[in-house]
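Participant: Pasting the sequence and the predicted model now:
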Amino acid sequence: QVQLVESGGGLAQAGDSLRLSCAASGRTLSSYAMGWFRRATGKEREFVAGISWSGGSTYYADSVKGRFTISRDNAKDTVYLQMSRLKPEDTAVYYCAARYTNFGTNVYRGGTEYNYWGQGTQVTVSS
């Protein structure tokens, strides 16, 4: 079992930056692909960014490309989402997710492809 805990959310103004963290316990994250998703009120959950176990491959939703950066520190069992130039439409609960890949190089974009989820952290961006 992998337990994931997100942190770093909060209130920001448009144009600000925030960094979310996702810390894992129970298992090392080094053999897991990781992803960030978000769900805004009244909307479906959507993929934000994904990263392979080594960090060598990343993928972003078009809506955040160029503004958000996903990274990981396997020694700390932590994944990050650096969010810059925030917009009001980025307001959502952000979730991190893990999928065991046995050191595969893929990045996964579908929510159903992930095995473990955190409880989420709220990000609110005001205009």
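Facilitator: Noted; the coordinates are in hand.

Participant: Which pLDDT value belongs to Val125?
Facilitator: Reading off the confidence values, Val125 has pLDDT 98.

Participant: Surely it and Ser17 touch.
Facilitator: No - the pair Val125 and Ser17 fails to qualify as a contact (Cβ atoms under 8 Å) at a distance of 10.8 Å. Yep, even glycine has a C-beta here, placed from its N, CA and C like the rest.

Participant: For the two, indicate the residue with more neighbours.
Facilitator: Higher neighbour count among Val125 and Ser17: Val125, with 20 against 12, using other Cβ atoms under 10 Å.

Participant: measure the more buried one to Gly15 for me?
Facilitator: In this view, Val125 and Gly15 are 9 Å apart by Cβ to Cβ, to the nearest Å.

Participant: what does Ser84 give?
Facilitator: Using Cβ to Cβ, Ser84 is found at 9 Å from Gly15.

Participant: So between the two, which is more surrounded?
Facilitator: Under the criterion of other Cβ under 10 Å, the comparison of Ser84 against Gly15 puts Ser84 first, with 14 against 11.

Participant: hmm, back to that, so what sits against both of Val125 and Gly15?
Facilitator: Leu86 (Cβ atoms under 8 Å, 6 or more residues apart in numbering).

Participant: Could you pull out the residues contacting both of Val125 and Ser17?
Facilitator: Among the neighbours of Val125, those also in contact with Ser17 (Cβ under 8 Å, 6+ apart) are Leu86.

Participant: got the residue ranges for the strands in the protein?
Facilitator: Using DSSP state E, the strands assigned to the chain run over residues 3-7, 10-13, 18-25, 32-39, 46-51, 58-60, 68-73, 78-83, 92-100, 116-117, 121-126.

Participant: Turn these into a markdown table, columns for distance to Asn106.
Facilitator: Converted to a markdown table, those look like this (distance: least, Cβ to Cβ, whole Å):
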| stretch | distance to Asn106 |
| --- | --- |
| strand 3-7 | 19 |
| strand 10-13 | 32 |
| strand 18-25 | 19 |
| strand 32-39 | 6 |
| strand 46-51 | 9 |
| strand 58-60 | 10 |
| strand 68-73 | 14 |
| strand 78-83 | 16 |
| strand 92-100 | 9 |
| strand 116-117 | 16 |
| strand 121-126 | 25 |
